[in-house]
Every structure is written in C-alpha cells, then in structure tokens.
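*Asks:* Predicted model and sequence follow; I will ask about them next.
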Amino acid sequence: MEKDRHDPGDRRRGLNSSFAAGVAALVFVIIGYQSALFIHKASVLKILENKDSPDTVFVIDKALAESILKPLPQERLESMEGTVRGKPSYVVKQESRHHPSVEAVRKKAAPRSVESFRFNPNTVAVADLVRLGFTERQAMSIDNYRRKGGVFRRKSDFAKSFVVADSVYSRLEPYIDIPLIDLNRADSAAFDQLPGIGGYFAARMVEFRGRLGGSYSYKEQLMDIRRFDKEKFDALSDLITVSEDNARPYPLWTLPADSLRNHPYIGPYAARGIVLFREHNPQSSWTVEALSEAGVLEPEMAEKLSRCLIAEP
C-alpha cells in the first residue's frame, strides 16, 4: 500500500529542520552584532591612540626652566622633572591639534569627572545632575518627571527612579537633602503634595492652623482635625516639622471671649470661663493647669492646650 505523503513523521522532521535553520541564523546574527561592536570599539581605541601629528616635546635645562616656569605650582614642576643625558632637566610635552572628529571621539571616551555635593532632587538643576554623575539623558529624564508633577518626598523615592543605579544612589544618599515641610510656613499647595492629603485635607490643615492662632505647636495636632486619623498621620509624620522660629505664641490671656471661642481646645463655654477667671484671679495664678482645676477646661482639652505655645500673661 502507498505511504501517505502527509506522514506526521515527515512534518516533524521538516519542523526540526526549520527550527535548526532559525537557530543557526540567530547565532550568525548575534556573532555579527558582537563583531560589529568589537570593530567599533577597536576603531575608537585606534583613534584615541593615533595622533594626527606628533606632539612637541621640549627638553629644558633645569636652571633655565625654573626661572621660566616659576609661576607653575611646585607639584606640577616636580611631575615634569627628569634627567636627560645625565643632566637634570624638565621635559615638557605640548599636544598638537587634532581633527575635530578625533577630538569628538576622545571627548566622548574620556572618563567624566564625578562630584558629590548636597542637593535637593526636587530642585537641582540638570547641569548639576550631570556633575553628580548622571548622563545628560538621565538628567533630562529626572527633570521631565518633575515637570510632570513628580515629587521625591523621601530619599527612597529618588532611589526608585529607573535612571538611578544602586551604585549611584549608594554614593549620593548621604548628600540628598529634601527639606521637611514646616506646618507653620507651608501653604495648601505644599500640603497637597504630602501622601494621602489631597485638596480637602490641605485646606483643612490651613484652616485648623488659623483656629490655633496662626501656628501649630506640635505635629500631633493634625490628628485633631476631623477625620485626620493616626494612619494618615503616620504616613507623613517623617516629612513634616514644626519650626519654633515660625511658631506664634497664642495670646490666651489677652484675647476676648469671641476670639477665644474659635480655638479648637476652648470653645464658647470655656472662652467665657477664661475671661471670668482672668477678672477674678491675680495674674500670677494664670496658668492652663489653674483653668483645669477651676473646671473652666475639661482635662483632655487642658492637656492639649498645655502643650501649645502660650504667650506670657
């Protein structure tokens, strides 16, 4: 009986042959690519080694050279010092000019000087990023991220950038300086940049600061804002600060009742009680603790108010 021309075995052999041919072609492509890279690198090295014209070498008598080259630093002179035919001399080499294409290759292949200095990744200039060791393309990538609204809130955020290699971050980490947000100086736009805040809570943070008399006394006061829970506070507590230089002492002992009532730890009832307490007690006894003992302030509110910066009577 005649064998079926579409035998599965023949098809498998055909597929195996095609696969083998494909693998061979891929190997040749890889070898060709690697060869091209090798040739390119060799060409670059050749350009670096070759000279369009020989450098000029000057051999100067040491005594004469010291009088001519005296303005040069001593360490520079010592590096040039040598002996020619048994006589102390200075050997000075002056490089000749080369073709612009050769100079371009040399400039590209020359090792870049890398600096380390304190910087804020949110504001550092592109040119300074290059000084820090990034390529121009990497520096532009970081700048584009910032232009699109990206913010580096913590050092670790900068480390997560895909253009920041682990080795580069390890070198720069001690120099990264991201200022904390001062609760008494920041506006709602700055608060909006904090994680988990957004426009609503940013506005509430500014409003609550006004009710406190214009400044926060300690960071934990944020949790006295309605719906501002501990979880939200813990997510940003390491990003904020309260500078004493920008804190305003609350004029507890001079404000009238209609102003005192706006304070979140006082309210209308305690505001009237504070005014009465001031009228019927000597100034030497005006303390938050005394207000609490007199029943003017509830213990919880007295504890919070005692932590606030209060102006002297």
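*Replies:* All right, it came through fine. Numbering: from 1, shown residues only.
*Asks:* where exactly do the strands run in the stretch 101-250 of the chain?
*Replies:* Assigned by DSSP state E, counting those that start in this stretch, the stretch 101-250 of the chain shows strands spanning 181-182, 240-241.
*Asks:* Show me what the last one packs onto, helices and strands only.
*Replies:* Counting contacts by 3 or more Cβ pairs under 8 Å, 6 or more residues apart in numbering; DSSP states H and E, strand 240-241 packs against strand 181-182. All C-beta atoms are positioned from the backbone trio N, CA, C, and that covers glycine.
*Asks:* Please enumerate residues in contact with the strand it packs on?
*Replies:* A190, F191, Q193, L194, L239, I240, T241, V242, S243, N246 (Cβ atoms under 8 Å, 6 or more residues apart in numbering).
*Asks:* All the helices of the stretch 51-200 of the chain, residue numbers only.
*Replies:* 62-68, 74-80, 100-109, 126-131, 136-147, 155-159, 166-172, 188-192, 198-211 (DSSP state H, counting those that start in this stretch).
*Asks:* Confidence-wise, which of the ones you listed is weakest overall?
*Replies:* Among these, helix 74-80 has the lowest mean pLDDT, at a mean of 52.
*Asks:* Q283 - nearest residue in space that isn't next to it in sequence?
*Replies:* Distances taken as Cβ to Cβ, 6 or more residues apart in numbering place P313 nearest to Q283, at 5.0 Å, with adjacent residues excluded.
*Asks:* Repeat that for D143.
*Replies:* Closest residue to D143 apart from its sequence neighbours, by Cβ to Cβ, 6+ apart: V126 at 5.2 Å.
*Asks:* swap in D128?
*Replies:* F119 (6.4 Å).
*Asks:* ok, now P299?
*Replies:* Closest residue to P299 apart from its sequence neighbours, by Cβ to Cβ, 6+ apart: S292 at 6.1 Å.
*Asks:* The one you found is in contact with K304, isn't it?
*Replies:* No. Counting by Cβ atoms under 8 Å, S292 stays clear of K304, with 11.0 Å between them.
*Asks:* Pick the most buried one from the strands of the stretch 101-250 of the chain.
*Replies:* Of all these, strand 240-241 carries the top mean neighbour count, a mean of 18, counting by mean count of other Cβ atoms under 10 Å.
*Asks:* Let me know the average pLDDT across it.
*Replies:* Mean pLDDT, strand 240-241: 96.
*Asks:* can you list the residues that contact that strand?
*Replies:* Applying Cβ under 8 Å, 6+ apart, the contact partners of strand 240-241 are L180, I181, D182, L183, L194, K219.
*Asks:* Can you tell me the closest non-neighbouring residue to the first one?
*Replies:* Closest residue to L180 in three dimensions, ignoring its sequence neighbours and counting by Cβ to Cβ, 6+ apart: T241, at 4.1 Å.
*Asks:* what's the answer for the fifth one, then?
*Replies:* Nearest in space to L194, with sequence neighbours left out and distances taken as Cβ to Cβ, 6+ apart, is L236 at 4.7 Å.
*Asks:* So the one you found versus D177, what's the distance?
*Replies:* Using Cβ to Cβ, to the nearest Å, one obtains 19 Å as the distance from L236 to D177.
*Asks:* Also D224?
*Replies:* Here the criterion is Cβ to Cβ. By it, D224 lies 31 Å from D177.
*Asks:* what sits against the residue nearest to S141 when sequence neighbours are not counted?
*Replies:* In this structure, S141 finds its nearest non-sequential neighbour in V163, 5.0 Å apart by Cβ to Cβ, 6+ apart. Taking Cβ under 8 Å, 6+ apart, we find V163 in contact with F134, Q138, S141, I142.
*Asks:* Which two of these have the greatest separation?
*Replies:* In terms of Cβ to Cβ, the contacts of V163 reach their longest pairwise distance at F134 and S141, which sit 8.6 Å apart.
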